[in-house]
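# Okay, predicted coordinates and the sequence, questions at the end:
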Amino acid sequence: MTTKGTKRFKWGFLIVWVMLMTIFTFNDLNLSKALYNEHESRFGWFFEVYGEHPAFLVLFAAGSILFSTVRNERLIKKIMVRLVSGLFILLSGFGIITITLTRGYGLDGDHVMINSLIITVLFATLCQWLLNRIAVQTLRQYNRAAWAAIVIVFAEILLVNVLKIFWGRMRFRNMEGDYSLFTSWFLPQGIQENGVTTEAYKSFPSGHSANGWTMMLWMMFMPFANKWRNIMLVCAVVWGISTSTSRVIMGDHFATDVLFGAFITITCMLLFCKLFKVDLYPNSQPNATATALLKDKNAPYFR
């Protein structure tokens, strides 16, 4: 059953999103003209490099939790879960470090990939050592959240990248002053020439925005007290807005592109949290019985 806190979150998000989407639909081009500052904005550069990190971090955290919680399970189950979760750990950790080194420091070559892999393995080993100091019963409370987070991130990445190809909207910076090339977000242009590989026609929706807003998934890994989840929600909103704004500043996306990216992530989050029975805002637990019920609800998804 969806809690009151989750319902308030859902309706609040929907109302704000519809209002902003309506406003920006009629001001997309003018807003980009006013904010565009690709070559001088340090703010834009920072979030171009680090804005997508929350998606990779949540995959790394979810994989690490799942890897650790099967430490006392049967051998077959342990091998299966650790193969899957270990893959998530390696891919996400490798992605974080590679993006940081290539986008942030302009490095490239085979040594970047090798160093990224080594750092990922070392950090993953450290995380497992730390997690092994936590009781399995404590970690298992977050198993459902971990599986849900993995599915949410993969779902939003898939949806965003498929839509980019078929929507074919040109980026603001690629117009180079010829604003007759501008198209509204609700008028898909179809697959453009070399549209699968050409980045110029992948403005809608924003992948950076979608990945930036995945910081909201960290709410599921906060202590069950709602005050901690509210703090995480504020941090996620600040990060999501900053990442989204930076994409308009850099000319990579229009305001409606980043709004739709946020919509995809948050909708996936609400949908899969319901499917996996994970509440963003658990009801207050006044006694031990209620607490036990909450823990049972968030018990391991796979027994």
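Received it, and whenever you're ready, just let me know what you need.
# And Leu217, how far from Leu83?
Distance, Leu217 to Leu83, using C-beta to C-beta, to the nearest Å: 23 Å. C-beta coordinates here come from the backbone N, C-alpha and C atoms, glycine included.
# just for the stretch 51-200 of the chain, where's the confidence low?
Within the stretch 51-200 of the chain, the ranges that satisfy pLDDT under 70 run 194-197.
# Would you map the helices across it?
Here the stretch 51-200 of the chain has its helices, by DSSP state H, counting those that start in this stretch, at 53-69, 75-99, 105, 110-131, 136-140, 143-167.
# Out of these, the one nearest Thr243 is which?
helix 53-69 (8.6 Å; C-beta to C-beta).
# Only alpha carbons, please: show that closest one as CSV.
What follows is helix 53-69 as a C-alpha-only set of coordinates in CSV (Å, rounded to 0.1, in the frame of the first residue of the first chain):
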residue,chain,number,x,y,z
HIS,A,53,27.5,10.3,-11.5
PRO,A,54,24.4,9.6,-9.2
ALA,A,55,23.2,6.9,-11.6
PHE,A,56,26.5,5.1,-11.5
LEU,A,57,26.9,5.5,-7.8
VAL,A,58,23.5,4.0,-7.0
LEU,A,59,24.3,1.1,-9.3
PHE,A,60,27.6,0.6,-7.4
ALA,A,61,25.9,0.8,-4.0
ALA,A,62,23.1,-1.5,-5.0
GLY,A,63,25.4,-4.1,-6.4
SER,A,64,27.7,-3.8,-3.3
ILE,A,65,24.7,-4.4,-1.0
LEU,A,66,23.5,-7.5,-2.9
PHE,A,67,27.0,-8.9,-3.2
SER,A,68,27.5,-8.7,0.6
THR,A,69,24.1,-9.9,1.7
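# can you give me the angle it makes with helix 110-131?
50 degrees (axes from the mean of the first three to the mean of the last three C-alpha atoms, to 10 degrees).
# quick revisit: so for Leu217 and Leu83, which residue has more residues nearby?
Neighbours per residue (other C-beta atoms under 10 Å) separate Leu217 from Leu83, with Leu217 holding more: 30 against 10.
# deepest of the helices of the stretch 51-200 of the chain, which one?
helix 53-69 (a mean of 24; mean count of other C-beta atoms under 10 Å).
# and that helix, what does it pack onto?
helix 75-99, helix 110-131, helix 136-140, helix 143-167, helix 207-212 (3 or more C-beta pairs under 8 Å, 6 or more residues apart in numbering; DSSP states H and E).
# Any chance of the ones you listed in CSV with distance to Phe272 as columns?
Shown next, in CSV, are the helices and strands packed on helix 53-69 (distance: least, C-beta to C-beta, whole Å):
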stretch, distance to Phe272
helix 75-99, 16
helix 110-131, 24
helix 136-140, 19
helix 143-167, 5
helix 207-212, 14
